[in-house]
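Student: Predicted structure and sequence below. I'll ask about it afterward.
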Amino acid sequence: MRSRFLLLGPLVTLLVPMVVVSCQGKSASAPPSNGGDDGGEAGVPSLTYTPQGCQYSYTPPSSLAFQDLSLDDTGPVDPTNGVPERVRVGLGGGTTMGQPGYADLTTTAAFTWETAESDHAAKAKLGTSAASLTQTQTGYTWTLQPSLGNTLAYFHEVHVCGLTPNTTYFYQVGGGPSGSEVWSATQSFTTLPTSGTITVGIFGDARDSDTTWKAVHQRMKAAGVLLSLVDGDIVDIGAEESLYAQWLGDIAQPGTPYFTLGQQYILPINGNHENDVPTSFANWAIPGDGDYAETYASFTVGSVHFTMIDDQAIGEGPTSAEAQAQLAWIDQDLAAANGDRANHPFIVAMGHRGLFSTSLHSTDTDVVAARNALAPLFDKYKVDLVINGHDHEYERTAPITNGSPPNVQPAGQGTTYVICAGAGADAYSVGTTDVPYRVTKTAFGGTTPYVGVYSLLTIAPTQLSLVAYGLKASGSQPSDDDVIDGQGASNGLGPVTFSPH
């Protein structure tokens, strides 16, 4: 996973990262591999990227088989085929809370983009004015062989540290030889504040309709969110790079009402349709390093500690080495978060599989395996809210603890589970049997007035609140949609709020 960076001071012009090329299991400072068979496993080249001014490093796992790994250089860039495409803003950093380099949305960002042909240009220019991009940072590049088909994809990524919280930065990405550099259009994004009231977008399962996907992003833009968290299945087939190009290209069009790509942080976690293939990891920057990079991460937003969990291995092979490593990290991360309640009183976890769904996947073997592995940890550390996807609907439980059936608890004494999965996926039916632990459910599609669902999570210093919306095809902002859960909902259930333990 992309490693993260803490500030070591202000950015300086033309910062140079360190690279380590691995050879036969040994490391030494050296120029980057340009695709040769001089390191990694079975001839796969290896590169370690240490962004200047950041207290973390990132080494792409050999299992991703990235080729032509290289640091930024001044080689030629074609003025047409070297133009950066689909620039997105993610996050790098460490995954150990309290340690140097731990992921921080208030001071760091990672820019990922593609070009139509291979080059090694990987620079980002930033500033607090579009007319003065005075800070420059360098990154690295790689070539991806998608899991399906023979079309290569050419990726570039730059991590930047030392930013100021709650500040809008203008930037361009690109690079090349002096005097003939090729740059993207100027965009802007805003780092998150350290405190106060912060609204985060929540959605997932976009894989069938890019029209709905665009509409959800239109709502995110209208709501002014700085960060969107996605609970998996952005595309239908994670191995098809062309689907990422289409879905991301759809929200990367300046002048459109849904233009959010490159304008806000977007942090997704893989679902079963991504299937943990190299293509799914190439397209995003989220914190982490090591063999299972980007399959788990955590960070804080205001008063909330977020834990992101790729539950593919946990669901499909809960006794595998990967699943056991992930579960050990989750236990450690949630223990640290639970011990930090004085500073961050809320814990929210996000994964793909709906652990307590009553819809179509509720009894699937992989869902049950994920529930058996994860729910006891959520109980142990008193996680306030778990957000999932997978079943294409909206559904919320009462506060519960794990059991068969789940045990309903008084307010504030269990974990609330929400499924919010309607950013473009085909509609599923909701569970028709009433169960005591389910508070509300909403379907979309068919005869309903909705084409999807999404949520806004508002984080305040001493309260966390969720509002879920039924997405209408004719609307353009949250006020045009129906509130299906939370403050203002017509079901009479009242606000969905959480108070500190």
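Tutor: Cool, got the structure. Numbers count the residues shown, from 1 in each chain.
Student: Let me know the secondary structure of Trp113.
Tutor: strand (DSSP: H, G, I helix; E, B strand; the rest coil).
Student: doesn't Phe155 make contact with it?
Tutor: Yes: when contacts are counted by C-beta atoms under 8 Å, Trp113 is listed as touching Phe155 (7.5 Å). Glycine gets a C-beta too; all of them are placed from N, C-alpha and C.
Student: Neighbour count: these two, which is higher?
Tutor: Taking other C-beta atoms under 10 Å, Trp113 and Phe155 do not tie; Trp113 has more neighbours (24 against 20).
Student: Show me what secondary structure element comes after the strand or helix carrying Val200.
Tutor: Counting by DSSP states H and E, the element that carries Val200 is strand 198-203. Next helix or strand after strand 198-203 toward the C-terminus (DSSP H and E): helix 210-223.
Student: Report the buried residues of that next one.
Tutor: Of the residues in helix 210-223, 210, 212-223 count as buried by neighbour count, 16 or more other C-beta atoms under 10 Å.
Student: Make TSV from those residues and add pLDDT to it.
Tutor: As requested, the buried residues of helix 210-223 are arranged in TSV below (pLDDT from 0 to 100):
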residue	pLDDT
Asp210	96
Thr212	98
Trp213	98
Lys214	98
Ala215	98
Val216	98
His217	98
Gln218	98
Arg219	98
Met220	98
Lys221	98
Ala222	97
Ala223	98
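Student: Residue most distant from the centroid, the chain?
Tutor: Gly179 (35.6 Å; C-alpha atoms, centre = their mean).
Student: What pLDDT does the model give it?
Tutor: With respect to pLDDT, Gly179 has a value of 93.
Student: and if you look at Ser33?
Tutor: In this model, Ser33 is scored at 33, pLDDT.
Student: what's the helix or strand for Gln246?
Tutor: Assigned by DSSP H and E, Gln246 falls in helix 241-250.
Student: and the helix or strand just after that helix, what's its mean pLDDT?
Tutor: Per DSSP H and E, the first helix or strand lying C-terminal to helix 241-250 is strand 265-268. Across strand 265-268, the average pLDDT comes to 98.
Student: Pull out the buried residues from the next helix-or-strand element following strand 265-268.
Tutor: Using DSSP H and E, the next helix or strand after strand 265-268 towards the C-terminus is helix 278-282. For helix 278-282, the neighbour count (16+ other C-beta under 10 Å) marks 278-282 as buried.
Student: Next, the angle strand 198-203 makes with the following helix or strand past helix 278-282.
Tutor: Note on helix 278-282: by DSSP H and E, the next helix or strand toward the C-terminus is strand 296-301. Counting by axes from the mean of the first three to the mean of the last three C-alpha atoms, to 10 degrees, strand 296-301 lies at 150 degrees to strand 198-203.
Student: Angles on the backbone of Ser62, please.
Tutor: Dihedral pair for Ser62: phi -60, psi -30, per degrees, to the nearest 10.
Student: which residues of the stretch 51-200 of the chain fall in strands?
Tutor: Remark: strands assigned in the stretch 51-200 of the chain by DSSP state E, counting those that start in this stretch are 67-71, 85-90, 109-115, 123-127, 135-138, 140-144, 153-160, 168-175, 182-183, 187-190, 198-203.
Student: Partner strands of the third one, with direction?
Tutor: According to DSSP bridges, strand 109-115 has the following sheet partners: strand 85-90 (antiparallel), strand 153-160 (antiparallel).
Student: Redo the ones you listed as TSV? Include mean pLDDT.
Tutor: As requested, those are arranged in TSV below (pLDDT from 0 to 100):
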stretch	mean pLDDT
strand 85-90	98
strand 153-160	98
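Student: Single out the most deeply packed of the ones you listed.
Tutor: Among the strands paired with strand 109-115, the stretch with the highest mean neighbour count (mean count of other C-beta atoms under 10 Å) is strand 153-160, at a mean of 26.
Student: tilt between that one and strand 67-71?
Tutor: Orientation check (the same axes, to 10 degrees): strand 153-160 against strand 67-71 gives 30 degrees.
Student: can I assume Asp379 sits in a helix?
Tutor: Yes: the assignment for Asp379 (three-state DSSP) places it in a helix.
Student: And it, how far from Leu229?
Tutor: Distance of Asp379 to Leu229, computed by C-beta to C-beta, to the nearest Å: 22 Å.
Student: Now the helix holding Gln246: average pLDDT?
Tutor: Helix 241-250 comes out at a mean pLDDT of 96.
Student: coming back round to it: let me see the contact set for the residue farthest from the centre of the chain.
Tutor: Contacts for Gly179 were tallied using C-beta atoms under 8 Å, 6 or more residues apart in numbering; there are none.
Student: before we move on, what about Val496?
Tutor: Contacts of Val496 by C-beta under 8 Å, 6+ apart are 396, 416, 465-468, 485-487.
Student: which residues touch the nearest residue to Asp379 once chain neighbours are set aside?
Tutor: Nearest residue to Asp379, sequence neighbours excluded (C-beta to C-beta, 6 or more residues apart in numbering): Thr401, at 4.9 Å. By C-beta under 8 Å, 6+ apart, Thr401 lies in contact with 379, 407, 409, 414-415.
Student: and Lys380, how far is that from Gln463?
Tutor: Lys380 is 24 Å from Gln463, by C-beta to C-beta.
Student: Ok, Phe346 next?
Tutor: Distance from Phe346 to Gln463, by C-beta to C-beta: 9 Å.
Student: So the two - more neighbours on which side?
Tutor: A direct count of neighbours by other C-beta under 10 Å for Phe346 and Gln463 places Phe346 higher, at 25 against 16.
Student: Now do the more buried one against Thr143, distance only.
Tutor: Distance from Phe346 to Thr143, by C-beta to C-beta: 41 Å.
Student: Pairing partners for the closest residue to Gly139 other than its chain neighbours in the sheet, please.
Tutor: Nearest non-adjacent residue to Gly139, counting by C-beta to C-beta, 6+ apart: Val158, 3.2 Å away. In this entry, Val158 is beta-bridged to Phe111, by DSSP bridges.
Student: Make 18 the starting number, not 1.
Tutor: Got it, the first residue is 18 from now on, which makes the last one we talked about Val175.
Student: Whichever of the contacts of Val513 end up buried, select them in PyMOL.
Tutor: In PyMOL, a selection of the buried entries from the contacts of Val513 looks like this (16+ other C-beta under 10 Å):
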select buried, resi 413+433+482+483+484+485+502+503
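Student: could I get the contacts of Val513 as TSV with distance to Glu102 and pLDDT?
Tutor: Formatted as TSV, these follow (distance: C-beta to C-beta, whole Å; pLDDT from 0 to 100):
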residue	distance to Glu102	pLDDT
Arg413	38	97
Thr433	40	98
Ser482	37	98
Leu483	35	98
Val484	34	98
Ala485	33	98
Asp502	37	98
Gly503	37	97
Gln504	40	95
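Student: Pick the one among the contacts of Val513 closest to Asn389.
Tutor: Closest approach between those and Asn389, by C-beta to C-beta: Thr433, at 19.2 Å.
Student: And the closest one, which helix or strand is it part of?
Tutor: Thr433 is part of strand 433-437 when elements are defined by DSSP H and E.
Student: ditto for Leu351
Tutor: Element membership for Leu351 (DSSP H and E) is helix 338-355.
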